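**Q** I need the structure of the sequence given here:
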Amino acid sequence: MSTPILQQTPDIELWQLVRKGDLQAYGEIYERYWETLYESAYWRLYDKSAAKDIVQEVFIFCWQKREQIQITESVAAYLRIAVKFRVLNHLKSEQAREKYRLLAGRELPEITHSTEESIASADLQASYQRELQRLPEKMRQLFIDSRDHGLSVREIAEKHALSEQTVKNQLSTALKKLRAGLGNFLFD
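**A** You can find the predicted model right below:
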């Protein structure tokens, strides 16, 4: 339960309290944004359960990584981008891909981006690119072939004259390294 003082506290100040472990400040941020984040996820997925799970995952991630997450512009924009990335990861899963195909005939709402969202998205993208560049060259290329080019493990193995197990091991290690740098935020 938030206090009247917390209800009047600006987001950035609340986030600084959260970073210090203040559970009431965290609760206030949750109360301010969970509903709009849920609606955003739902209108992209048309799946209430998945939308709730995604919002919960984002808030759990933010609490667990609160000391590492630097938000200087907008807590709301950061959370919206976080949900957007989680939704995109969800859509990449095989089951969600099938649901998406069924919904493809529907007109999806147009998604607009505020300046704050654009800044937050650019920050996340820059962090991702920085961590990607830290990977060894061969590992980075295998990861790019998998994630950006959509190649299967078999196709990557053939392309680089490697065993499928070597490709799997390299992709697994790449994910571990990226997660260490970015948290589990961007990858399922």
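**Q** Residues in contact with the helix or strand harbouring Glu39: which ones?
**A** Assessed by DSSP states H and E, Glu39 sits inside helix 23-45. With C-beta atoms under 8 Å, 6 or more residues apart in numbering as the contact definition, helix 23-45 has outside contacts at 1-3, 6-7, 9, 11, 14-15, 17-18, 48, 50-52, 54-55, 58-59, 62-63, 66, 75-76, 79-80, 83-84, 86-87, 90-91, 96, 99, 108-109, 111. Placement of C-beta: from N, CA and C, glycine included.
**Q** Domain-wise, how is this protein divided?
**A** Domain assignment for the chain by automatic domain parsing gives 4-126, 134-188.
**Q** TSV please, covering those and showing mean pLDDT and mean neighbour count.
**A** As requested, the domains of the chain are arranged in TSV below (pLDDT from 0 to 100; neighbours: other C-beta atoms under 10 Å):
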stretch	mean pLDDT	mean neighbour count
domain 4-126	80	16
domain 134-188	81	15
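**Q** tell me the contacts of the nearest residue to Arg140 once chain neighbours are set aside?
**A** Leaving out its chain neighbours, the residue that sits closest to Arg140 by C-beta to C-beta, 6 or more residues apart in numbering is Leu132, at 6.1 Å. Neighbouring residues of Leu132 by C-beta under 8 Å, 6+ apart: Arg140, Phe143, Ile144, Leu178.
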